[in-house]
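Predicted model and sequence follow; I will ask about them next.
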Amino acid sequence: MRKIVVSMWTTLDGFVAGPDDEMDWLLFGEHLQRYEQSLVDTAGSLLLGRVTHADFASYWPLAAQNPDEPDEVREYAQRVDALEKIVVSASGNTATWNNTRKLAHLDPDEIAELKRGSGGDIVVYGSLSVIRSLADLRLIDEIHLLVHPLLLRQGKALFTSGQPPVRLELVSAEPFASGVVLMKYRPTGAVATS
């Protein structure tokens, strides 16, 4: 069965972007590039929200064909461009991008059917509302956090309050030379609270 894998770049204090979506704090390096390439090489689909899908659609297809891009960027872009893209959009207004299909909302039965399908894992990038909905529905199989050595102190948090705690099991932790640490977790269940 395919897994839903959330991959997110985050700061040590849990922010995934600044207050105005700033991401100038990212430390992109060779280790991070290898991780990202490996993730998409074994993936079968990307599951994205409407805004992330539009951002990706405006960049990756062009990067895939741009001879001025470094080889590793072009290789990553070509793989992302070739993957099946599943975009969640209540409005149905989505960017044009090859191999894209739309979901009006996250239906647990439909997601279960996607997971039973053939091919590699379903990777979720960005798309905070999609990630939060998947977490609320307990449909995430793995969370990959690329924790950057930075206290941003304000911005957009990966998760918000209002839902019960969930315990996670550490699958692996890998430090990169840049100071970024890749931590892979698997949800194990709800935390009993009093």
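Thanks, I have the structure now.

My understanding was that residue 80 contacts residue 60; is that so?
Yes: between residue 80 and residue 60 there is a contact at 4.7 Å, judged by C-beta atoms under 8 Å. C-beta coordinates here come from the backbone N, C-alpha and C atoms, glycine included.

What ranges does this structure have for its strands?
For the chain, the strands defined by DSSP state E occupy 4-11, 15-17, 43-49, 84-88, 100-103, 121-125, 142-148, 156-157, 166-175, 181-190.

By mean pLDDT, show me the worst of those strands.
With a mean of 90, strand 181-190 has the lowest mean pLDDT of the strands of the chain.

the inter-axis angle of that strand versus strand 166-175?
For strand 181-190 against strand 166-175, the angle by axes from the mean of the first three to the mean of the last three C-alpha atoms, to 10 degrees is 160 degrees.

Please name the strands paired to strand 181-190 in the sheet, noting orientation.
Note on strand 181-190: by DSSP bridges, its sheet partners are strand 142-148 (antiparallel), strand 166-175 (antiparallel).

So which bits of the last one are buried?
By neighbour count, and taking 16 or more other C-beta atoms under 10 Å as the criterion, the buried residues in strand 166-175 are 166, 168.

Tell me the gap between it and the middle of its chain.
Centroid displacement of strand 166-175 relative to its chain, using C-alpha atoms, centre = their mean, to the nearest Å, is 16 Å.

heads up, I number from 4, so please use that
Okay, residue one is now 4; in that scheme the one you just asked about reads as strand 169-178.

Name the residues that touch it?
With contact meaning C-beta atoms under 8 Å, 6 or more residues apart in numbering, strand 169-178 is reached by 34, 138, 141, 145-146, 184-194.

Nearest to residue 23, out of the strands paired with strand 184-193?
Across those, the minimum distance to residue 23, taken as C-beta to C-beta, is reached by strand 145-151, at 17.9 Å.

For the closest one, which outside residues touch it?
With contacts defined as C-beta under 8 Å, 6+ apart, strand 145-151 is touched by 6-15, 28-30, 35, 38, 42, 171, 174, 182-190.

related to what we said a few turns ago, for the strands of the chain, which one sits closest to residue 113?
For these, proximity to residue 113 was assessed by C-beta to C-beta; strand 103-106 is nearest, at 6.6 Å.
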